[in-house]
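J.: Predicted model and sequence follow; I will ask about them next.
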Amino acid sequence: MSEDREVKNVVASKMRDMDLVYLTNIVNAVGGSFGITLFLKGTVISGLMISGKEYYSTLAENLAQVGDIGENLAEHFARVADDVYAPVSESESIPANFIHMKDLRVKSGNGEFDEMHNALLRLKIEEIDGHIVGNVS
C-alpha cells in the first residue's frame, strides 16, 4: 500500500515582541530617539533607540573618516540609508526586523555599566528577550 504525501514548505521564525516592533516603526517613521534598555541572552544593553536611517547615515559618516576603504564602505551604507529607509507609504514599508541604537552602555561582568563611545548597535528584534522603555541610570 503506498501513500502519496504532499511536501510543503514551512516558514518558521522566532517570536518578535510586538511592542518593540511598534516602537521601531515609530522611530523609523518620524526619526528622533528615546531611551531603552534591552535584555538578550544574559546581556543588558542600555542606550538610545534611533531610526535605521540615522544608524546607516551615522555609520557612513564615521567610516568616511578612516581613509579609502572607509570611504568605499561609507558609500554603500549611505545608499542603504537613502534607499531602504526612505519615506514610503505604510503599505510599502519594510518590516521592522532590526532595532538600532547609539549612546550605548553594556553591563559588564562586575555589575557596572561600561560606556561604548561612538558605538552603534543593530540587533534582530526576534533575539531580544525583554526590554524597559528608559535608560539605566
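T.: Received the coordinates, thanks. Numbering: from 1, shown residues only.

J.: This structure: helices as residue ranges?
T.: 18-30, 52-64, 68-83 (DSSP state H).

J.: With respect to burial, which of those helices scores highest?
T.: Burial of these is given as mean neighbour count (mean count of other Cβ atoms under 10 Å); helix 52-64 ranks first at a mean of 19. Where C-beta positions appear, they are placed from N, C-alpha and C, glycine not excepted.

J.: What lies in contact with it?
T.: Here helix 52-64 makes contact (Cβ atoms under 8 Å, 6 or more residues apart in numbering) with 28, 31, 33, 50, 70-71, 73-75, 77-78, 80-81, 84-85, 98, 100, 102, 118, 120, 122.

J.: Quick one: mean pLDDT for that helix?
T.: Helix 52-64 comes out with an average pLDDT of 91.

J.: Check the offset of it from the chain's centre.
T.: 13 Å (Cα atoms, centre = their mean, to the nearest Å).

J.: Next, the angle helix 68-83 makes with it.
T.: Angle, helix 52-64 to helix 68-83, by axes from the mean of the first three to the mean of the last three Cα atoms, to 10 degrees: 160 degrees.
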